[in-house]
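[1] could you look at this predicted model? Sequence included:
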Amino acid sequence: MLTSTAYEDSLLSFWPRVRDFAVPPTMIETATARRHRGDWAGACTAAGIDIDLDLRSLARTHGRDLAAEVRADLRHLTPDLLRWHMPRVAPDGLLRPGLTITLARYDRAGRDGVHPVHLVVRTPPAWADGGQRISLALWDGSHGPDGDGRGSALDAHARRHPHPRPSRRFRLDLHRHLWDARRTGELRVRSGADRPPGDARSENPDLPVPVPQGLGCAVDRWAAEALIVLRAEGRTTDTDTDTDTGADTGIVTVRIGSRQRLLLDLVADPAGAEPPTPRIARAPDGGDLSALPVLPDAATWVLPDLALIRAGAIEAGRLHPLVASALVPEHTPAVSTGSADPAGQSRLVECRGARHRIGLVDGVLAPLDHDPAEIRREELLVALTGTPLPCLRAIDEAHRQPHCLSGVRERLHHGDTTGALAVVEGLLGPDAVLRSGALQDELRAAALRRLTYGLFRAGLAGPAQGRVLPGPDRPRSHRSRPRHTTGR
């Protein structure tokens, strides 16, 4: 578990980089423009989301009413905002792999009762996360063996996903303000931005809160969020019912770390005049908590954007426009001035006691203060193992390991291939031929990752259904230790 100092350091170093590279402004602008035109599929494409659902097939199999509900939600889906709020993992801030997250639930009556159909998004497994793509699909728990959704006609890609069933911890059907354009204004209240920074301890000093301080837990919002979960699950807040098992009570499980669970108990006011009183206790070791509702991860922690603003680590202008308008209502979006792009401008190099320029000429990076004959002579000397001119050394270094390599790497890891190539072309020119080095290695690795993702989507790579990927090949020097095993 992180200490207070470790959490603050992680907050200030981790999330600002994620906000700068994970959802680039060009993606937000393109997706927003397409969404405003009513092109929800085009908006998803601009936001790097693959569509694995067919509304016509849904209407045939589940009726037109359900298809109309799904279509209405898709028209108000803000895919760039969804990507902004998706769960991420350290140290690079990439999407948490192998998740199936519910965006909306639609109850439909069947022969065996009511079966919910889920509108879900999925993240690929870690070995196929090239491009940081997300898929949008429908999941029907009544299809497939054991209701796991495998083999469902609604989503054939679920067969290849490691976790096709919607996660109980990572769910956004109770947090529509994180993806639904009709509900984005709720972010201010649901995140606690409308209240001064505080903690449950400061509001009620007598409340036993076994939550270590400094972890970024939104303890002051847990009671309200738990009440939303209980109502959605059809539970009551009267804890007099089945207190031994926790079934049908106001108890919610809160996960604050690996193997660390808390029990949040909402005790209803007998008179009904006051909101339920929260009681927090540590979950017993080895106890079965599967029957209890789970507080969603989005409600467990303080919103990263809110924490960054309060810490002064980010400006509102660097946030998603919908997030900035909710958290900082007085913020006025900056109007693009159309300033000149610094890409392509000449750069100065110290060359033989003078300052020379290098810049783009005919689509490639070239020295500007040396005549062509001198350049050809120097290139011949370099081919004969001579020492190149400082200008030529600077150009060679820009091709192999440029100063912008870290930014290019971040963009490639987050799937912003267009942005990464724009940076490279702005430095080297659109007609440049890459030379062996770190830059070429990064671009080649990114292309291979995207290829792996495509093979995963096509079912041509990865383990078979019900299998896991094999481990790395053992070296020839490896020797087994049969005497250390219990049997063969």
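    Ah, there it is.
[2] so after the helix or strand of the chain with the lowest mean pLDDT, what's the next helix or strand?
    Taking mean pLDDT, DSSP states H and E as the measure, the chain has helix 200-203 as its least confident helix or strand, at a mean of 49. Using DSSP states H and E, the helix or strand that directly follows helix 200-203 along the chain is helix 219-232.
[3] centre of the chain to that following helix, how far?
    Helix 219-232 sits 24 Å away from the centroid of its parent chain (CA atoms, centre = their mean, to the nearest Å).
[4] do the same with stretch 79-99
    In terms of CA atoms, centre = their mean, the centre of stretch 79-99 is found 1 Å from the chain centre.
[5] got the CA positions of it in PDB?
    Provided in PDB are the C-alpha atoms of stretch 79-99 (Å, rounded to 0.1, in the frame of the first residue of the first chain):
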ATOM      1  CA  PRO A  79     -16.400   8.000 -26.600                       C
ATOM      2  CA  ASP A  80     -13.500  10.400 -26.000                       C
ATOM      3  CA  LEU A  81     -14.800  11.100 -22.500                       C
ATOM      4  CA  LEU A  82     -15.200   7.400 -21.900                       C
ATOM      5  CA  ARG A  83     -11.600   6.800 -22.900                       C
ATOM      6  CA  TRP A  84     -10.600   9.700 -20.600                       C
ATOM      7  CA  HIS A  85     -12.200   8.000 -17.500                       C
ATOM      8  CA  MET A  86     -11.200   4.400 -18.300                       C
ATOM      9  CA  PRO A  87      -9.300   2.600 -15.600                       C
ATOM     10  CA  ARG A  88      -5.500   2.700 -16.000                       C
ATOM     11  CA  VAL A  89      -2.500   1.000 -14.500                       C
ATOM     12  CA  ALA A  90       0.900   2.200 -13.500                       C
ATOM     13  CA  PRO A  91       3.700   2.900 -14.400                       C
ATOM     14  CA  ASP A  92       2.800   4.000 -18.000                       C
ATOM     15  CA  GLY A  93      -0.900   4.900 -17.500                       C
ATOM     16  CA  LEU A  94      -2.100   2.400 -20.000                       C
ATOM     17  CA  LEU A  95      -5.600   1.000 -20.000                       C
ATOM     18  CA  ARG A  96      -6.200  -1.700 -17.500                       C
ATOM     19  CA  PRO A  97      -6.100  -4.900 -19.600                       C
ATOM     20  CA  GLY A  98      -8.700  -7.600 -19.900                       C
ATOM     21  CA  LEU A  99     -11.700  -5.700 -18.500                       C
END
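[6] element containing the nearest residue to Leu389 once chain neighbours are set aside, please.
    Nearest-residue entry for Leu389: Glu378, 5.1 Å, with adjacent residues in sequence omitted and distances by CB to CB, 6 or more residues apart in numbering. C-betas here are computed from N, CA, C, even on glycine. Glu378 is part of helix 372-383, with elements assigned from DSSP H and E.
[7] residues in contact with that helix?
    For helix 372-383, contacts defined as CB atoms under 8 Å, 6 or more residues apart in numbering pick out 366-367, 370, 386-389, 392.
[8] do the same with stretch 20-28
    46-48, 80, 83-84, 88, 93, 132, 318, 320-321, 407, 410-411, 413-414, 416, 418-419.
[9] spatially nearest residue to Arg35 (excluding sequence neighbours)?
    Ala43 (4.2 Å).
[10] count the residues that sit near the one you found.
    Using other CB atoms under 10 Å, the number of residues around Ala43 comes to 24.
[11] now it: which helix or strand?
    Applying DSSP H and E, one finds Ala43 within helix 40-46.
[12] what comes up buried for that helix?
    40, 42-46 (16 or more other CB atoms under 10 Å).
[13] again, but for stretch 74-85
    Buried residues in stretch 74-85 (16+ other CB under 10 Å): 74, 77-85.
[14] Arg17: which of the buried residues of helix 40-46 is nearest?
    Comparing the buried residues of helix 40-46 against Arg17 with CB to CB places Ala46 closest, at 22.3 Å.
[15] can you check the pLDDT for that closest one?
    pLDDT recorded at Ala46 is 97.
[16] that one against Thr30, yeah?
    Yes: contact criterion CB atoms under 8 Å: Ala46 and Thr30 qualify, at 4.1 Å.
[17] next, count neighbours for Arg182.
    13.
[18] regarding it, what is its secondary structure?
    coil (DSSP: H, G, I helix; E, B strand; the rest coil).
[19] return the residues in contact with the closest residue in space to it that isn't next to it in sequence.
    Nearest non-adjacent residue to Arg182, counting by CB to CB, 6+ apart: His76, 5.2 Å away. Contacts here follow CB under 8 Å, 6+ apart; on that basis His76 touches 180-182.
[20] kindly report the same for Thr300.
    Here Thr300 is in contact with 217-218, 222, 254-256 (CB under 8 Å, 6+ apart).
[21] one more time with 7 Å
    Each residue near Thr300 by CB atoms under 7 Å, 6 or more residues apart in numbering is listed here: 217-218, 254-256.
[22] can you select the buried ones from the residues you listed in ChimeraX?
    One line in ChimeraX is enough to select the buried ones among the contacts of Thr300; burial here means 16+ other CB under 10 Å:
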select :217,218,254,255,256
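[23] quick check, nearest of the contacts of Thr300 to Leu306?
    For these, the nearest to Leu306 is Ala218 (9.2 Å; CB to CB).
[24] okay, that closest one: pLDDT?
    On the pLDDT scale, Ala218 gets 90.
[25] which residues touch it?
    192, 299-302.
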